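K.L.:
what follows is a predicted structure for the sequence shown.
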Amino acid sequence: MTATDAAVPVLPETMQAMVLEAPGAPLEARRLPLPVPGLGQVLLRVTACAVCRTDLHVVDGELPEPRLPLVPGHEIVGTVVATGPGAQRHAVGSRVGVPWLGWTCGHCSYCEAGAENLCPSARFTGYTLDGGYAEFTVADERFCFALPDTYDDLHAAPLLCAGLIGHRAYRIALEHPVGGGVDHIGLYGFGAAAHLIAQVAVADGRRVYAFTRAGDTDAQAHARRLGACWAGDSGQLPPRPLDAAMIFAPVGALVPAALAVLRPGGRVVCAGIHMSDIPAFDYARLWQERSLRSVANLTRADGEDFLAHAARQTLDVHAVAYPLAHANEALADLRAGRLQGAAVLLPGRVCDA
């Protein structure tokens, strides 16, 4: 290893990590050798890693062919403690964030067109690359972001997927409006992503309508506190037709439900990487130039754009801290819908779950 800082940290030979051995199995605590940064990589001491619904899809076997055994986690905040050959972008001691997109080829037609999120050779943190449910991790320095100083580690971690994907979905929802502007936006599933992008939309002067699972009055109250003008169950009709809707819950039945509340020319954006089967629905729900669009991953440009926005508009990030060893409890709470906002693992710290 080489370092760009004269004060080279003393590093251990091993680290604690939570490891997925087989899809559907609980994560197992393991001591692993300290990873060594390769060409263009940095070694990070992980200070926080948020728990994403995509982690659930990986752990529960809903996404195919993860790297096994695997250290999950792709909303990583860490400090650079060593650099590999050729790595010069982030000095030792720098705080950086690592997102889901961990590597792309750089030369395929998608990469050359600025759509690296669709690179067929892409590698993903916490899925095909080891991630942040550990005390240390390595990452390609090109895919590490500088983070706004206004957020501590606990509250910066959810920005790296919940924030980034929410931001990309929001921008897509605003593209090419047909028959008017996008002033009234529905958010289905008011969790980690929706509670962040709701604040962005409200600050932009848009009206936000929050849809939650039936009876989740706590999430509905949370949405109203963050500026939503209306909040109700996902089966309810809002007080007016919507210009766009974003779906963050992995529930296919929400697609026809969201189409049903759009005005003509409106758009539904599906923001998750996995969703249950979408049921058949009458063509009338899609007719009149309504559209349906998915979001796949993110680009580095998305990351830079959103983090610059988060530096300008300090977001109220709702985060619940868990020790690294309690990763299974954090996943269970997310799976059961017991969280408002995001769960965040804090390696090396003792905190209440």
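P.N.:
The structure has been received and is ready for your questions. Since the model is a prediction, treat every value here as computed from it, not as a measurement.
K.L.:
would you state the helices of the stretch 151-300 of the chain in chain order?
P.N.:
153-156, 162-174, 192-203, 217-225, 254-260, 300-312 (DSSP state H, counting those that start in this stretch).
K.L.:
what sits up against the fifth one?
P.N.:
Meaning helix 254-260. Residues from elsewhere that reach helix 254-260 (C-beta atoms under 8 Å, 6 or more residues apart in numbering): 186, 188-189, 211, 234-235, 245, 247, 268, 270, 275, 278-279, 281, 285-286, 290, 292. For the C-beta atoms, the positions are set from N, CA and C on the backbone; glycine is no exception.
K.L.:
rerun at 10 Å
P.N.:
186-189, 211, 234-237, 241-242, 244-248, 251, 266-270, 275-282, 284-287, 290-292 (C-beta atoms under 10 Å, 6 or more residues apart in numbering).
K.L.:
all strands of the stretch 251-353 of the chain, in order?
P.N.:
Along the stretch 251-353 of the chain, counting by DSSP state E, counting those that start in this stretch, strands occupy 262-270, 291-294, 319-323, 342-346.
K.L.:
please work out which of the ones you listed is packed deepest.
P.N.:
strand 342-346 (a mean of 26; mean count of other C-beta atoms under 10 Å).
K.L.:
list the contacts of Leu315.
P.N.:
Counted by C-beta under 10 Å, 6+ apart, Leu315 has contacts 148, 150-151, 155, 158-159, 163, 195-200, 203, 226, 309.
K.L.:
how close does it sit to Leu147?
P.N.:
Per C-beta to C-beta, to the nearest Å, Leu315 is found 13 Å from Leu147.
K.L.:
joint contacts of these two?
P.N.:
Leu159.
K.L.:
in stretch 151-159, what's buried?
P.N.:
Residues 151, 153-159 are the ones in stretch 151-159 that count as buried (16 or more other C-beta atoms under 10 Å).
K.L.:
nearest to Asp218 among these?
P.N.:
Pro158 (18.2 Å; C-beta to C-beta).
K.L.:
shouldn't the closest one be in contact with Tyr151?
P.N.:
Yes: with contacts counted by C-beta atoms under 10 Å, Pro158 reaches Tyr151, the gap being 9.3 Å.
K.L.:
shared neighbours, these two?
P.N.:
77, 315, 317, 319.
K.L.:
identify the farthest-apart pair in those residues.
P.N.:
Val77 and Leu315 (15.2 Å).
K.L.:
adding distance to Ala115, write the buried residues of stretch 151-159 out as TSV.
P.N.:
As requested, the buried residues of stretch 151-159 are exported to TSV (distance: C-beta to C-beta, whole Å):
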residue	distance to Ala115
Tyr151	28
Asp153	31
Leu154	32
His155	30
Ala156	27
Ala157	26
Pro158	25
Leu159	22
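K.L.:
list the contacts for the closest residue to Gln16 other than its chain neighbours?
P.N.:
Closest residue to Gln16 apart from its sequence neighbours, by C-beta to C-beta, 6 or more residues apart in numbering: Glu135 at 5.2 Å. Neighbouring residues of Glu135 by C-beta under 10 Å, 6+ apart: 12, 14-17, 31-32, 34, 44-47, 78, 324, 347-348.
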